[in-house]
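Visitor: Requesting a structural model of the entry that follows:
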Amino acid sequence: MKKKIDTWAPPIVWMVLIFSFSSLATNPVSVIHWKDFIVKKTGHVLIYAILTILIYRAFREGRTHRKKAAFYSIFFAVAYGISDEYHQSFTPGRDPQMRDVIFDTIGSILAIYIVWKLLPKVPPKLKSLAESLHIL
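Guide: Sure thing, here's the model as predicted:
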């Protein structure tokens, strides 16, 4: 039981952080500056890439096959992104944006690509760290 808590605590804590930040009211901006757009969308990609890796790690520690773990990780991260956008519809100054879900999805897919294609090619010390964390 303790192992399951240790395994699933990081993605749950990360989701709570996402929820907390998306609960903050903002002032609507009539014109979106392109730099602001780039920063926010890059944030979506990175935040959901991290969430996907944390979920993937939790599934892999549970000995889920890597293809299933990847599918489940992307599915749950994107589903959480959709639910977070819905949640933002109740937050003053925020509106749900389909394009945010698209950037969340890009982050999730990119995370699995990094885990499968790039991590196996890193130096041995970093690779062994990824293996010990059940990412590889």
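
Visitor: what comes up buried for the helix or strand Ala79 falls within?
Guide: Assignment of secondary structure by DSSP states H and E places Ala79 within helix 66-88. Going by neighbour count (16 or more other C-beta atoms under 10 Å), the buried part of helix 66-88 is 69-70, 72-74, 76-78, 80-82, 84-85, 87-88. (Each C-beta comes from the backbone N, C-alpha and C, glycine too.)

Visitor: pLDDT weak spots in the protein?
Guide: Within the chain, the segments meeting pLDDT under 70 span 1, 27-32.

Visitor: just the angle between the longest helix along it and helix 66-88, please?
Guide: If you go by DSSP state H, the chain has its longest helix at helix 34-61. Here the directions of helix 34-61 and helix 66-88 differ by 140 degrees (axes from the mean of the first three to the mean of the last three C-alpha atoms, to 10 degrees).

Visitor: What helices and strands are in contact with helix 34-61?
Guide: Contacts defined by 3 or more C-beta pairs under 8 Å, 6 or more residues apart in numbering; DSSP states H and E place helix 34-61 against helix 2-22, helix 66-88, helix 98-113.

Visitor: Excluding its own residues, what touches the helix holding Ala79? List them.
Guide: With C-beta atoms under 8 Å, 6 or more residues apart in numbering as the test, helix 66-88 has contacts from 15, 18-19, 22-23, 44, 48, 51-53, 55-56, 59-60, 64, 94-98, 100-101, 104-105, 107-109, 111-112, 115-116.

Visitor: And the buried ones among those residues, selectable in ChimeraX?
Guide: A single ChimeraX command selects the buried members of the contacts of helix 66-88 (16+ other C-beta under 10 Å):
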select :15,18,22,44,48,51,52,53,55,56,59,60,64,94,100,101,104,105,107,108,109,111,112,115
